[in-house]
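J.: Predicted model and sequence follow; I will ask about them next.
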Amino acid sequence: MTITTENPDVSTPKSRHPVLEILDVSKSFPVRDGFKTRSLSAVDHVSLSVDEGTTLGIVGESGCGKSTLARIIVGLHTASNGEIIFDGKQISTTGKRDRAAVEQMQMVFQDPSSALNPRATISESIAFPLRVQGVAADEIDRRVAKVMADVGLPSNYAGNYPHQLSGGQRQRVNIARALALQPKLIVLDEAVSALDKSIQAQVLNLLEDLQEEYGLTYVFISHDLNVIEYISDRIAVMYLGQVVESGAASDLYEHPLHPYTQLLFSSIPNLDPDESRRDDPEAVDAGEIPSPLNPPSGCRFRTRCSFAHDRCASEAPVQVEVSSGHTVACHLYPEGGARDLVELLPGVSQQ
Ligand SMILES: Nc1ncnc2c1ncn2[C@@H]1O[C@H](COP(=O)(O)OP(=O)(O)OP(=O)(O)O)[C@@H](O)[C@H]1O
Ligand code: SF4
Ligand SMILES: [Mg+2]
């Protein structure tokens, strides 16, 4: 696939200093298929950037590569190719990272329980990574008390064990543990998905407050479009390992351009006659997602796209900036300016 050499994802409403730049990152997994080993393309030539103090939301159906990308960012997976620039410095995507990069990027996972040692108290869990980093004992005590207060955990919970806490409280412990290392960037992979709606809202508010207080930058992954809309400054939409559209959250929700984004956001009446699907963000149909072991030629979305034409099978679309900071990879949007689907395809209305 050809990609633009410039990173298209460049501006946000809050700041213009990128903390994280992902440049042309790919990841393939070797997968056994009968007697053969084949290559599964989980992340394919992804370029994104996230400005300091802002939140990049990443959205897409299950299996589109969100977690793989998250794990590459924090160094839990090596990349097959590509570069990552963190806080102005290139960091390794294929080997061991230096300590500062490890400390300054933290990750919070979906399941608040499995990330915690059931035999460690809350304060021990939060202190553990600080001990590993060799932080002095009195500084550990100070930081543990501070982050517990910051995430809204009463100090008398310090000696409790995870099973004595609710799901929301356990996720607060995970957030506190990430915060204790004083990171610049936190990658949150479905971090509120396992929580009840009311608890989700509390944790999202907490994350916003912490972002303000600490100047944190977030990469926030979710399949829940309501959560993504609430938390994100910018959004990247992924399909079968690729970013198909990215832009300011308001632009994507008000003017989704890529046919997949429109399908995902259920905003084309003829693709989505049932308006109620907006409340059920997982209700995406228009056919099966192809296997990443054998993605379609050209545009990977073409087997589900109502607008597919000959060129879509033979040529992969490149990212085109259709308006300031809003990029889309689709042949309906040729380089040189935005074109409306309504204009291109009379009879198809767009909200
Ligand atoms: N360790 C692995 N070995 C082989 N294939 C993998 C591995 N990890 C992920 N994959 C495959 O890579 C693709 C992307 O997976 P990934 O977990 O990143 O998707 P996701 O968008 O996070 O999905 P979900 O929303 O279900 O969490 C999937 O096809 C998955 O089966
Ligand atoms: S490139 Fe073609 S198949 Fe892909 S989304 Fe655009 S119109 Fe559809
Ligand atoms: Mg995932």
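T.: Now that the structure is in, tell me what you want to look at. Ligands and ions are numbered 1, 2, ... in the order given.
J.: quick one: the helix or strand containing residue 220 near ligand 1?
T.: Residue 220 belongs to strand 217-221 when assigned by DSSP states H and E. No. Using Cβ under 6 Å from any ligand atom, strand 217-221 stays clear of ligand 1, with a minimum separation of 7.0 Å. From N, CA and C alone the C-beta is placed, and that goes for glycine too.
J.: can you check stretch 239-247 too?
T.: No. Figure legend: stretch 239-247 not in contact with ligand 1 (Cβ under 6 Å from any ligand atom); closest approach 6.9 Å.
J.: Just the angle for the longest helix seen in the chain relative to strand 217-221, thanks.
T.: In the chain, assigned by DSSP state H, the helix with the most residues is helix 197-214. Angle of helix 197-214 versus strand 217-221, following axes from the mean of the first three to the mean of the last three Cα atoms, to 10 degrees, is 160 degrees.
J.: Now do helix 197-214: which elements does it pack against?
T.: Helix 197-214 is packed against helix 167-180, strand 217-221, helix 225-231, with contacts defined by 3 or more Cβ pairs under 8 Å, 6 or more residues apart in numbering; DSSP states H and E.
J.: Of the ones you listed, which is nearest ligand 2?
T.: Relative to ligand 2, the nearest member of those by Cβ to the nearest ligand atom is helix 225-231, separated by 19.0 Å.
J.: quick one: the strands in the stretch 201-350 of the chain?
T.: 217-221, 234-239, 242-248, 320-323, 326-328 (DSSP state E, counting those that start in this stretch).
J.: What is the first one packed up against?
T.: This points to strand 217-221. Judged by 3+ Cβ pairs under 8 Å, 6+ apart, strand 217-221 is in contact with strand 18-33, strand 36-51, strand 55-59, helix 66-74, strand 185-189, helix 197-214, helix 225-231.
J.: Need those in JSON lines (columns: distance to ligand 2).
T.: JSON lines is the format used below for those (distance: least, Cβ to the nearest ligand atom, whole Å):
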{"stretch": "strand 18-33", "distance to ligand 2": "19"}
{"stretch": "strand 36-51", "distance to ligand 2": "14"}
{"stretch": "strand 55-59", "distance to ligand 2": "16"}
{"stretch": "helix 66-74", "distance to ligand 2": "19"}
{"stretch": "strand 185-189", "distance to ligand 2": "26"}
{"stretch": "helix 197-214", "distance to ligand 2": "31"}
{"stretch": "helix 225-231", "distance to ligand 2": "19"}
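J.: Nearest to residue 137 among the ones you listed would be which one?
T.: When the helices and strands packed on strand 217-221 are ranked by proximity to residue 137, the top entry is helix 197-214, at 23.3 Å, counting by Cβ to Cβ.
J.: Quote the end-to-end distance of stretch 221-234.
T.: By Cα to Cα, to the nearest Å, the extent of stretch 221-234 from end to end equals 12 Å.
J.: Would you pull up how far that stretch lies from the middle of the chain?
T.: Centroid displacement of stretch 221-234 relative to its chain, using Cα atoms, centre = their mean, to the nearest Å, is 9 Å.
J.: Could I get the contacting residues of the residue of the stretch 251-351 of the chain found nearest ligand 1?
T.: Proximity of the stretch 251-351 of the chain to ligand 1 (Cβ to the nearest ligand atom) peaks at residue 292, 4.5 Å away. Residues near residue 292 by Cβ atoms under 8 Å, 6 or more residues apart in numbering: 40-42, 63, 65, 240-241.
J.: Can you tell me how far it is from ligand 2?
T.: According to Cβ to the nearest ligand atom, to the nearest Å, residue 292 stands 16 Å off from ligand 2.
J.: Check residue 93 too.
T.: Per Cβ to the nearest ligand atom, residue 93 is found 28 Å from ligand 2.
J.: residue contacts, that residue?
T.: Residue 93 sits next to 25, 72, 78-79, 82-84 when contact means Cβ under 8 Å, 6+ apart.
J.: Now do the same for it: helix, strand or coil?
T.: What DSSP: H, G, I helix; E, B strand; the rest coil gives for residue 93 is coil.
J.: What does it show for phi and psi?
T.: Backbone geometry at residue 93, expressed as degrees, to the nearest 10, gives phi -110, psi 0.
J.: The closest residue in space to residue 168 that isn't next to it in sequence: how many residues sit nearby?
T.: Among residues not flanking residue 168 along the chain, residue 199 sits closest, at 3.8 Å (Cβ to Cβ, 6 or more residues apart in numbering). By other Cβ atoms under 10 Å, 17 other residues sit near residue 199.
J.: same deal with residue 20?
T.: 22.
J.: next one: residue 212
T.: Neighbourhood size, residue 212 [other Cβ under 10 Å]: 10.
J.: Distance check, it against ligand 1.
T.: Here residue 212 is placed at a distance of 28 Å from ligand 1 (Cβ to the nearest ligand atom).
J.: List the residues that contact that residue.
T.: Neighbour list for residue 212: empty [criterion: Cβ under 8 Å, 6+ apart].
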